[in-house]
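Engineer: no sequence for this one, just the structure:
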């Protein structure tokens, strides 16, 4: 029995070596793309990118990186002019305006109109914080009310929100989340904002996920000193890990199958499959 067990282990070892060599000679295509990586999982594969190599652009505004890394008066005025003359204030920019209202609605320089909208929306957020139920129908009704105001041909009654928004773009530029969110929709890109984790090098936490429905990603690290770094997904590293997971599952199944074999012929038949 002892000799038989040794022989079986030898056959198993030889078979696994042969299978391993066969699998290594094959390249298994990764049937997925970077877009399939989850929000949290993506952080694992982020590396420093090159902002000069990123060519995301808009036919009127030009390159996205100019607004991210050269956030000067010229760029802010260009964006402000675009908001005045080109941007359609419809439901598509509702989320951007809501972000702006939460950012600037309690500022002293904001118009009364913006402050009123701030009070309306924070009423629901405060209720939620206190643990009271917030019905989606109520929020949707408020959203429709805001859309109706900003998309009306006669916006004189609510000009304050639009004017405040444009002035805020001029003043803050891409320092503000609402501006970055606007850029994400205008440039049709998913901008993800990351912050560093204290005392951990190359470790980040996701702060904002702007225009998440868009597949094209733009990963931006903003550190404690407001320094900005463009990040890229290390596709090679991701593919390597994905391949290892696939191989691990495959080898696990092979080992499980060969453990049931009791004679040399079983191994030979398995290798011939």
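Structural biologist: Looks like it arrived, so ask away. Predicted model, so just to flag it, every value in this text is computed and none were measured. Numbering: from 1, shown residues only.

Engineer: Which residue ranges of the stretch 101-250 of the chain form helices?
Structural biologist: 112-129, 136-150, 159-172, 177-186, 235-258 (DSSP state H, counting those that start in this stretch).

Engineer: got the ones you listed as CSV, with mean neighbour count columns?
Structural biologist: Where C-beta positions appear, they are placed from N, C-alpha and C, glycine not excepted. What follows is those, written out as CSV (neighbours: other Cβ atoms under 10 Å):
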stretch, mean neighbour count
helix 112-129, 15
helix 136-150, 13
helix 159-172, 19
helix 177-186, 23
helix 235-258, 13
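
Engineer: how about the ones you listed in a markdown table, adding distance to residue 10 and mean pLDDT?
Structural biologist: Shown next, in a markdown table, are the helices of the stretch 101-250 of the chain (distance: least, Cβ to Cβ, whole Å; pLDDT from 0 to 100):
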| stretch | distance to residue 10 | mean pLDDT |
| --- | --- | --- |
| helix 112-129 | 66 | 93 |
| helix 136-150 | 66 | 90 |
| helix 159-172 | 72 | 91 |
| helix 177-186 | 61 | 96 |
| helix 235-258 | 12 | 81 |
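
Engineer: Give me the phi and psi angles of residue 133.
Structural biologist: phi -70, psi 140 (degrees, to the nearest 10).

Engineer: how about the nearest residue to it, chain neighbours excluded?
Structural biologist: Excluding its sequence neighbours, the residue lying closest to residue 133 (Cβ to Cβ, 6 or more residues apart in numbering) is residue 127, at 7.9 Å.

Engineer: cool, and residue 51?
Structural biologist: Nearest non-adjacent residue to residue 51 (Cβ to Cβ, 6+ apart): residue 230, at 4.4 Å.

Engineer: One more: residue 64?
Structural biologist: Leaving aside its chain neighbours, residue 64 sits nearest to residue 56 (4.3 Å; criterion: Cβ to Cβ, 6+ apart).

Engineer: just residue 142 next, same as before
Structural biologist: Spatial nearest neighbour of residue 142, chain neighbours left out: residue 120 (6.0 Å); criterion: Cβ to Cβ, 6+ apart.

Engineer: still on that earlier bit, now for the helices of the stretch 101-250 of the chain, which one comes closest to residue 70?
Structural biologist: Checking the helices of the stretch 101-250 of the chain against residue 70 by Cβ to Cβ gives helix 177-186 as the closest, at 13.1 Å.

Engineer: packing partners for that closest one?
Structural biologist: helix 64-69, helix 73-85, helix 94-104, helix 159-172, strand 190-197, strand 200-210 (3 or more Cβ pairs under 8 Å, 6 or more residues apart in numbering; DSSP states H and E).

Engineer: out of these, nearest to residue 146?
Structural biologist: With Cβ to Cβ as the measure, helix 94-104 is the member of those nearest residue 146 (6.6 Å).

Engineer: Quick check: mean pLDDT of the closest one?
Structural biologist: Averaging pLDDT along helix 94-104 yields 95.

Engineer: Quick one: work out the angle between that helix and helix 112-129.
Structural biologist: Here helix 94-104 points in a direction 90 degrees away from that of helix 112-129 (axes from the mean of the first three to the mean of the last three Cα atoms, to 10 degrees).

Engineer: what's the neighbour count on the closest residue to residue 115 other than its chain neighbours?
Structural biologist: The shortest distance from residue 115 to any non-neighbouring residue, by Cβ to Cβ, 6+ apart, is to residue 105 (5.8 Å). Residue 105 has 22 neighbours, counted by other Cβ atoms under 10 Å.
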